[in-house]
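S.K.: quick one, what's the 3D model for this:
(2 chains)
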Amino acid sequence: MFKIYLDYAATAPVRPKIKAKILPYLADKFGNPSSIHSFGREARKAIDKARENVARFLNCQPLEIIFTSGGTEADNLAVRGIVENAKIKMQKSKFIPHLVTSTIEHHAVLHTCKILEKERKAQVSYLTVDKNGLINPEDVKKTIKPNTVLVTIMYANNETGTIQPIREIGKIIEKENRLRELRKNKNKIYFHTDAVQAAGYLNCDTKFLHADLLSISGHKLAAPKGIGALFVKKGVPLEPILTGGEHEYQKRAGTENVAGIVALGQAVLLANNSQEKIRIKKLRDWLEKQIIAKIPDVQLNGHSHQRLPNISNLNFQFVEGESILLNLDLSGIAASSGSACTSGSLEPSHVIMAMHHNPLRTHGSIRFSLGWKTTKAEIDYLIKILPTVIIKLRKISPLGKKSNTNSYQLNI
Amino acid sequence: MLENLYSQKVMQHFLHPKNIGKIKNPSGVATVGNPICGDIARYYIKVKTKPVSPSRGGKSKGKIIDYISDVKVETLGCGAAIATSSMATELIKGKPVKDALRLTNQAIAKALDGLPPVKMHCSILAEEGIKKAIENYQSKNQK
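M.R.: Residues are numbered from 1 along each chain as shown, chains lettered A, B, ... in the order given. Got it, this is the predicted structure:
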């Protein structure tokens, strides 16, 4: 069967160039980078090279890169690392650290914040978004308190692709920090951004973004799963969450995932390629235009243009997401409803809920995400199949029919 | 995905649901569901009466019973929601009303060769839909 993968925001197939780079590090160059002998030194050299590549990608110094097991660990290290450190500093005061985040963050940030809140290790403010999924930078400013230690806002949303004004927020925080200096408040506010979805398509220059911490993940960049990195600006105090050996500048213990690190080092060289971005955006725009033209009652979730070029999150009124996905899957098409991390849970997508406050809208929403292997023929096949699926499901739905016009107001 | 998610029976009923649509002038109708969990179903029933078949013996001779002569459903929901509403209608079609009222969600799930635990609530919704449609019929008849 013709199989089409349109779920790159969940994970991507490894690029051949990356695969070729990894293979020697699985069996031949297998040394432990901490070993002093030639095997170890060979592995260390590979890590150093990868770290330089990642540093260049983020416009920072190699020693500001901490390799982790992925985006989730990078986010956890940023949030927990800052909070733990601030807690130690605030021990003698009556305050606990205050965090500012948003309601649309990935669960790696959101659940971590909620747990810290529950454990009374931190106070958290959750910024809301408008119907396009955008955060207002002014809200960040208004929410900052004297005990705020961290602002963490994602760069681009994983479900809708909406891009947040990270640079603006970064500048606001810098300004707040200057004011704090004048007030002789020694506690700085640090700014973290989860750039896991953004890294493939957006400028991740940490100086340009005015970020203190930034997370990336390998498998969203066509490297294998199990590798990620956290940029930690020099001087940002961070307590490790994994303790043990002295790896990763004492910020992340554990023998390095050499093959994964090599892969990430190669992946960043291939990410954010302007030609590929144009090609993918063209395909995405074609998909969107055709689907909206061919199927009535379809709405876009997310910002119309301030959005990643590879994601299209569409709402199909009067039908439910899983039944669309099942039908598409039977035709060989893989897409996603919301984020893959939440499938199996019945909760409507927190991202679309935050934008529209309407569960029906979240349940009928499908995310198509394109990537390096996506072709025009694949998009055309989707455009051919999807209308029949939606017609079929709408036929059996109690909503959206003229005779049932009161359906929306049904008080069940 | 499908191999690990739903039984073949569920997929059959999901892909080719039975008794879809509505009934004009139904004897009873009910909409159940919860937009928060994403499922909404509307059940229609037509109830007719018939004499108890003589083979049942002398005692009930001449007695008349209500039975579900037709049932239809419209569903918005996941695979399990569509399959359970289809199966629920199949299980009560042609049955006496008092038997239809005894339909349980376990019976629906069993008839579908089981449901994933996280989807059991769909069968509860189907049971509720059938019962509410019958209650709607009964309340109308009392008036």
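
S.K.: now do stretch A:222-233: distance from first to last residue.
M.R.: Length of stretch A:222-233, first residue to last, Cα to Cα, to the nearest Å: 26 Å.

S.K.: if you average pLDDT over it, what comes out?
M.R.: For stretch A:222-233, mean pLDDT is 98.

S.K.: pop the domain breakdown of chain A in here.
M.R.: Here the domain parsing of chain A from automatic domain parsing is A:4-12+A:273-395, A:16-270.

S.K.: these: lowest mean pLDDT?
M.R.: domain A:4-12+A:273-395 - the lowest mean pLDDT of the domains of chain A, at a mean of 92.

S.K.: how about the residue in the stretch 151-300 of chain A that chain B sits nearest to, what does it touch?
M.R.: As assessed by Cβ to the nearest Cβ, chain B sits closest to residue A:297 within the stretch 151-300 of chain A, at 13.0 Å. For every residue, glycine as well, the C-beta is placed using N, CA and C. Listed by Cβ atoms under 8 Å, 6 or more residues apart in numbering or on different chains, the contact set of residue A:297 reads A:316-318, A:400.

S.K.: can you check my assumption that residue B:48 lies in a helix?
M.R.: No - read with DSSP: H, G, I helix; E, B strand; the rest coil, residue B:48 is strand and lies in no helix.

S.K.: count the residues that sit near the residue lying closest to it once chain neighbours are set aside.
M.R.: Spatial nearest neighbour of residue B:48, chain neighbours left out: residue B:69 (4.1 Å); criterion: Cβ to Cβ, 6 or more residues apart in numbering or on different chains. Residues lying near residue B:69 (other Cβ atoms under 10 Å in any protein chain shown) number 15.

S.K.: which parts of the host helix or strand of residue B:69 are buried?
M.R.: Here residue B:69, judged by DSSP states H and E, is contained in strand B:64-76. Across strand B:64-76, burial judged by 16 or more other Cβ atoms under 10 Å in any protein chain shown covers B:66-68, B:70-76.

S.K.: ok, those residues vs residue B:88, which is closest?
M.R.: Within the buried residues of strand B:64-76, the smallest distance to residue B:88 is 7.5 Å, found for residue B:73 (Cβ to Cβ).

S.K.: leaving out the residues flanking it, which one is nearest to the closest one?
M.R.: That would be residue B:85: by Cβ to Cβ, 6+ apart, it lies 4.6 Å from residue B:73.

S.K.: so for the longest helix along chain B, mean pLDDT?
M.R.: Secondary structure of chain B per DSSP state H: the longest helix is helix B:120-142. The average pLDDT for helix B:120-142 rounds to 94.

S.K.: which residues touch residue A:363?
M.R.: Counted by Cβ under 8 Å, 6+ apart, residue A:363 has contacts A:320-321, A:337, A:348, B:35, B:38.

S.K.: now the residues you listed as a markdown table including secondary structure and neighbour count?
M.R.: As requested, the contacts of residue A:363 are exported to a markdown table (DSSP: H, G, I helix; E, B strand; the rest coil; neighbours: other Cβ atoms under 10 Å in any protein chain shown):
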| residue | secondary structure | neighbour count |
| --- | --- | --- |
| A:320 | coil | 26 |
| A:321 | helix | 24 |
| A:337 | coil | 26 |
| A:348 | coil | 24 |
| B:35 | coil | 19 |
| B:38 | coil | 25 |
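
S.K.: can I get stretch B:80-93 as PDB, trimmed to CA atoms?
M.R.: Backbone C-alpha positions of stretch B:80-93 (Å, rounded to 0.1, in the frame of the first residue of the first chain) are rendered in PDB as follows:
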ATOM      1  CA  ALA B  80     -15.300   3.100  19.600                       C
ATOM      2  CA  ALA B  81     -18.200   5.600  19.900                       C
ATOM      3  CA  ILE B  82     -19.300   4.900  16.400                       C
ATOM      4  CA  ALA B  83     -18.900   1.100  16.800                       C
ATOM      5  CA  THR B  84     -20.700   0.900  20.100                       C
ATOM      6  CA  SER B  85     -23.700   3.000  18.900                       C
ATOM      7  CA  SER B  86     -23.900   0.700  15.800                       C
ATOM      8  CA  MET B  87     -23.800  -2.400  17.900                       C
ATOM      9  CA  ALA B  88     -26.200  -1.100  20.500                       C
ATOM     10  CA  THR B  89     -28.800  -0.600  17.800                       C
ATOM     11  CA  GLU B  90     -28.200  -4.000  16.400                       C
ATOM     12  CA  LEU B  91     -28.700  -5.600  19.800                       C
ATOM     13  CA  ILE B  92     -32.100  -4.000  20.500                       C
ATOM     14  CA  LYS B  93     -33.600  -4.000  17.000                       C
END
